[in-house]
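**Student:** Below is the structure, and that's it, no one-letter string:
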């Protein structure tokens with residue numbers, strides 16, 4: 001147990017076996033970080049290809065776990081049962097430059113199990129053309145193991161065959177001749193589309209969901225009700241109502257009012273008297289000067305007036 005663990009430049013923490021015995025177990029608890037870097041460096045609880053024993057169990061619990069420059073975490077086995085790797089990184093698990101985490105099995109052995117629980121799992125692109133960072137629990141003639149990753153997000157890794165020198169970052173639990181294993185990746189961050197309500201495609205008619213505020217409108221449409229306009233003093237007369245002598249009187253010297261009920265209501269008609277008749281108006285035919293010196297037009301010809309007798313035009317013919 002420590003705050004930081006750094007294994008570099010070919011250094012190793014190992015509990016491996018090379019004979020008939022089983023590999024040992026490794027447990028590391030580093031509160032801050034674990035750094036593995038350099039070719040040949042890493043954590044090993046494996047059984048060699050010639051060993052008859054089982055792979056060991058390797059557990060790392062830390063804040064940040066980093067592998068770089070061909071460093072390894074391995075619980076591989078040659079003939080016996082594959083080992084198990086459990087990695088818990090509160091912050092990040094990162095792999096760079098051809099690093100690997102392996103519970104691979106050779107020969108007839110079955111692949112081991114890899115359990116990763118990290119805030120983020122990140123595999124950076126390889127700098128060399130044929131390099132790749134891999135997480136492997138594959139097998140040759142036995143069955144593949146199981147890889148279980150729980151993380152908020154995983155970057156730069158894909159589930160596919162981890163072929164040496166392919167230059168890709170792979171997650172592989174396959175088997176060459178046996179049954180393939182299982183890869184389970186659980187993203188703890190919800191999908192952005194999760195919980196989104198999908199609206200139906202059918203359009204709802206407004207009439208189906210709108211309350212009828214005026215039930216009378218429906219009765220009018222069915223001819224069960226009528227619409228009436230009322231003015232001042234009752235119902236106005238229609239243009240088609242007859243006008244009778246009882247309603248309108250013409251003539252008389254005094255102003256009279258008659259109120260009669262038409263078929264549609266009470267109509268009041270104000271009757272105006274006709275102006276008094278006067279003598280017929282005739283054209284002036286002459287003029288005289290009276291004793292006051294005023295000129296008075298007359299209806300008879302006078303000596304000082306000229307007669308206007310119409311002349312027939314030569315273009316007119318008598319009918």
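**Tutor:** Everything's here; your move. This structure is a prediction, so every number in the text was calculated from the model and none was measured. Residues are numbered from 1 along each chain as shown.
**Student:** for the stretch 51-200 of the chain, what are the low-confidence residue spans?
**Tutor:** Scanning the stretch 51-200 of the chain for pLDDT under 70 picks out 189-200.
**Student:** which stretches of it form strands?
**Tutor:** With DSSP state E, counting those that start in this stretch as the criterion, the stretch 51-200 of the chain has strands at 57-68, 72-74, 84-96, 100-102, 113-123, 134-136, 146-155, 158-159, 170-172, 182-187.
**Student:** just these: most buried one?
**Tutor:** strand 134-136 (a mean of 27; mean count of other CB atoms under 10 Å). Heads up, the C-betas are built off the backbone N, CA and C, glycines and all.
**Student:** could you pull out the helices for this protein?
**Tutor:** Taking DSSP state H to define them, one finds helices in the chain at 206-209, 216-221.
**Student:** Pick out the shakiest of these, pLDDT-wise.
**Tutor:** Lowest mean pLDDT of those: helix 216-221, a mean of 58.
**Student:** ok, residue 107 to residue 38 distance?
**Tutor:** Using CB to CB, to the nearest Å, residue 107 is found at 29 Å from residue 38.
**Student:** Show the contacting residues for the nearest residue to residue 131 once chain neighbours are set aside.
**Tutor:** Once flanking residues are discounted, residue 131 sits nearest to residue 98: 3.8 Å by CB to CB, 6 or more residues apart in numbering. Residue 98 sits next to 69-70, 126, 128, 131-133 when contact means CB atoms under 8 Å, 6 or more residues apart in numbering.
**Student:** residue contacts, residue 284?
**Tutor:** Here residue 284 is in contact with 297-299 (CB under 8 Å, 6+ apart).
**Student:** Tell me the confidence at it?
**Tutor:** At residue 284 the predicted local distance difference test score is 77.
**Student:** Provide the partner residues of residue 170 in its beta bridges.
**Tutor:** Residue 170 forms beta bridges with residue 134, residue 158, as assigned by DSSP bridges.
**Student:** In this structure it contacts residue 164, no?
**Tutor:** No. Contact between residue 170 and residue 164 fails when scored by CB atoms under 8 Å: they sit 10.5 Å apart.
**Student:** could you list every residue that touches residue 133?
**Tutor:** 67, 95-100, 123-124, 126, 156-157, 169.
**Student:** Residue 118 now?
**Tutor:** Counting by CB under 8 Å, 6+ apart, residue 118 makes contact with 65, 87-93, 149-151.
**Student:** Could you rerun that using 10 Å?
**Tutor:** Neighbouring residues of residue 118 by CB atoms under 10 Å, 6 or more residues apart in numbering: 62, 64-65, 87-94, 149-154.
**Student:** And residue 77, by the same measure?
**Tutor:** 17, 22-23, 45-49, 51-56, 83, 103-107, 109-112, 139, 142.
**Student:** please redo it, this time with the cut-off set to 7 Å
**Tutor:** Counting by CB atoms under 7 Å, 6 or more residues apart in numbering, residue 77 makes contact with 46-47, 54-55, 83, 105, 109, 112.
**Student:** now, among these, which is nearest to residue 13?
**Tutor:** Closest approach between those and residue 13, by CB to CB: residue 46, at 12.0 Å.
**Student:** on that earlier part again, now distance to residue 289 too, for the strands of the stretch 51-200 of the chain, in CSV please.
**Tutor:** Formatted as CSV, the strands of the stretch 51-200 of the chain follow (distance: least, CB to CB, whole Å):
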stretch, distance to residue 289
strand 57-68, 138
strand 72-74, 148
strand 84-96, 134
strand 100-102, 144
strand 113-123, 131
strand 134-136, 141
strand 146-155, 127
strand 158-159, 133
strand 170-172, 138
strand 182-187, 128
